[in-house]
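Undergrad: What would the 3D arrangement of this be:
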Amino acid sequence: MATSVPPRFCTDYAKRVAKCQKCKMQLEKGVLRMGKIMPNFFVAAKDPSKPPPDMKQYFHKECLFEMLFKARPTTKVIDETEEIEGFEDLNAEDQDEIKKLVDELTEKRSKDGPAEPKKTPSKKKAKDEVEETPSRKRKNEEPAKSKRPTEFNEESDYNSFYKFLKVCSVMKDISSSSEKSAVITSMLQKKGFDGDLMLWLSFLIRESDKRDYNVTDEKMVSYFAKILDTDEAKIQKYISKSNDVALSIAHAHEKKVTNEKSNWSLQKVDRFLEKLETLKEDDEIVKHLKFAAKRFRHDELEVLIRLIRKELDTGADAKVVLKGVHSTAPNVFETDGLDKVVDKYYNNGFEDSKKAATSKKSEPKAKKSRREADSDESDAEESEVEMSDSESEGEGDSDSEDTGEEEEDISGSDSDDVSEISSDEEGDEVKENSPKKVARGTRTRPRGSNGNIVKKEECPPDMEACRYGEKCYRKNKQHLEQFWHPSAQ
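TA: Sure, this is the predicted structure:
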């Protein structure tokens, strides 16, 4: 069984053009490069009797140290410059830069602490171990763990800086605030969304970025004039026309540099901005900005400059962006800050508050529906009483013909009813389907198809009347046999 061999590291100046194994950009001939030396087990597999030959993977120094900064505590990294083969052959300036990166890496790993070995739980309890009572267990219970991720996949499309550009472009083209919020909602609701919401929101809401980048608009123009090797007056000419610093520098960059879109992640851009905040000298800032300008396309550089200037041109303020997360997120942001919004999102805090609100609203509605049902039943009882009274009066009349005439008069069949007469002045034709108006407070007895008054049907004593009556929607045989329904007239 092959044992794992820790990698070695080397550095030199490129003897030929190659590709960086991290960013896939070219390592030009003569530039500083760093290498990771590992055994080539693929070659060794052909002849197991011989030790595996060395294999070198080359990187930009920034790309290599970016990988080492994210490495696990147990992974072998560069602890001191003496471990880098060929370090003594570099010039003094490059040695100082690498030494600075090594010191930052060592400081970070010392803060993180050593990796703790995993403990294997014992199957049997010790004899002197006391069984915990339920009450004691409750006291010792840890608070519920947060579901908020601590690490994100930088290779994911939802953590891509180019994806961020696309979202900004879509929001910029939309005028409606609600539609701008819907762009954020749509992205968050996509299946498999694994983006770093904190970075998305802090980039979109620029007032939440508390960093000071020490770069004014005048300095920005001066820096990029040096980086692009162009006249500062040309960039100022673009600015006077567009009144937009970021767009003007991007325009000058497009004329000088032809790059494909980069594969930078939001996390890498955040680290870039974090380092920019620490730089004070002009030369250091120019070198740092140049690193991005050589790798970015012009539209990516434009957005990067807007992030530095804290003026993203999406037309969406904090309230609009946060409404895309949840309708109550702006209130949480005002009271508790952006970090609390992100916590609530990952721990379903917004859903819990929504359920509580809906349950409170549903309680009065339920009470109201009960009151309406009670009132309907009481109305039905009153109508039954009135109907029985009118029937008893009809049965007591001696002259049935007079009664019929009276009923016709009450029903309002005279030509005075406007709803039954068409608007045609030439003829007094009555509309067939128009409803007949009945004077308020009057009641008519039900009549059959032959015009005779129909007596009210009564429920048999051995059955129970269905509460829905003729309007009952149940058609199953069991229900019809169990409950009495009045026959449709």
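Undergrad: Pretty sure Glu66 sits against Lys22.
TA: Yes: here Glu66 lies in contact with Lys22, judged by Cβ atoms under 8 Å, at a distance of 6.9 Å. (C-beta placed from N, C-alpha, C; glycine too.)
Undergrad: what kind of secondary structure is the closest residue to Leu90 other than its chain neighbours in?
TA: Counting by Cβ to Cβ, 6 or more residues apart in numbering, Leu90 lies nearest to Thr11, which is 6.4 Å off, once chain neighbours are set aside. At Thr11, secondary structure determined by DSSP: H, G, I helix; E, B strand; the rest coil is strand.
Undergrad: surely Thr11 meets Glu88?
TA: No: counting by Cβ under 8 Å, Thr11 stays clear of Glu88, with 10.0 Å between them.
Undergrad: who has more neighbours, the two?
TA: Thr11 (23 against 10; other Cβ atoms under 10 Å).
Undergrad: Dig out what the more buried one forms beta bridges with.
TA: Met34 (DSSP bridges).
Undergrad: So which residues of the stretch 151-300 of the chain form helices?
TA: 161-173, 177-188, 197-204, 217-227, 232-242, 245-256, 266-278, 282-293, 298-309 (DSSP state H, counting those that start in this stretch).
Undergrad: quick one: which of those helices is nearest Leu27?
TA: helix 282-293 (13.8 Å; Cβ to Cβ).
Undergrad: List of residues touching the closest one?
TA: 62, 214-215, 219, 223-224, 226-228, 253, 257, 272, 275-276, 279, 301, 304 (Cβ atoms under 8 Å, 6 or more residues apart in numbering).
Undergrad: Mind listing what's buried along that helix?
TA: 285-286, 288-289, 292-293 (16 or more other Cβ atoms under 10 Å).
Undergrad: Filter the contacts of helix 282-293 down to the buried ones.
TA: Of the contacts of helix 282-293, these count as buried by 16+ other Cβ under 10 Å: 62, 215, 223-224, 227-228, 253, 257, 272, 276, 279, 301, 304.
Undergrad: Which pLDDT value belongs to the spatially closest residue to Glu232 that is not a sequence neighbour?
TA: Setting aside the residues directly before and after it, Glu232 is nearest to Ala225 in space (Cβ to Cβ, 6+ apart), at 4.0 Å. Listed pLDDT for Ala225 reads 92.
Undergrad: okay but Ala225 is in contact with Lys237, surely?
TA: No: using Cβ under 8 Å as the test, Ala225 is too far from Lys237 to be in contact (11.9 Å).
Undergrad: Of those two, give the one with the bigger neighbour count.
TA: Ala225 (18 against 13).
Undergrad: buried ones in stretch 304-315?
TA: 304-309, 312, 314.
Undergrad: ditto for stretch 85-101
TA: Quick answer for stretch 85-101 (16+ other Cβ under 10 Å): 87, 90, 95, 98, 101.
Undergrad: I figured the last one hits Lys61, correct?
TA: What it means is Leu101. Yes: taking Cβ under 8 Å as the definition, Leu101 is a contact partner of Lys61 at 6.8 Å.
Undergrad: mind putting the helices of the stretch 151-300 of the chain in TSV, distance to Pro39 included?
TA: Output for these, formatted as TSV (distance: least, Cβ to Cβ, whole Å):
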stretch	distance to Pro39
helix 161-173	35
helix 177-188	43
helix 197-204	37
helix 217-227	41
helix 232-242	51
helix 245-256	43
helix 266-278	30
helix 282-293	32
helix 298-309	38
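Undergrad: which one of those helices lies closest to Tyr346?
TA: The nearest among the helices of the stretch 151-300 of the chain, by Cβ to Cβ, is helix 197-204 at 7.4 Å.
Undergrad: quick one: average pLDDT of the closest one?
TA: 93.
Undergrad: and of the buried residues of stretch 85-101, the nearest to Lys15?
TA: Looking across the buried residues of stretch 85-101 and measuring by Cβ to Cβ, the closest to Lys15 is Leu90, at 14.5 Å.
Undergrad: tell me the contacts of the closest one?
TA: 11-13, 32, 98.
Undergrad: The residues you listed: which two are farthest apart?
TA: Tyr13 and Ile98 (12.9 Å).
Undergrad: residues near Asp462, how many?
TA: Neighbour number of Asp462 under other Cβ under 10 Å is 6.
Undergrad: now the strands for the chain?
TA: Ranges of strands in the chain, per DSSP state E, are 8-13, 18-19, 26-27, 32-39, 54-59, 84-85, 464-465, 483-484.
Undergrad: What is the longest one packed up against?
TA: With contacts defined as 3 or more Cβ pairs under 8 Å, 6 or more residues apart in numbering; DSSP states H and E, the packing partners of strand 32-39 are strand 8-13, strand 54-59, helix 61-69.
Undergrad: Mind putting those into a markdown table with distance to Cys466 and mean pLDDT?
TA: Converted to a markdown table, the helices and strands packed on strand 32-39 look like this (distance: least, Cβ to Cβ, whole Å; pLDDT from 0 to 100):
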| stretch | distance to Cys466 | mean pLDDT |
| --- | --- | --- |
| strand 8-13 | 87 | 92 |
| strand 54-59 | 81 | 88 |
| helix 61-69 | 75 | 90 |
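Undergrad: Same list (the ones you listed) but as TSV, adding distance to Val167.
TA: Output for the helices and strands packed on strand 32-39, formatted as TSV (distance: least, Cβ to Cβ, whole Å):
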stretch	distance to Val167
strand 8-13	38
strand 54-59	30
helix 61-69	24
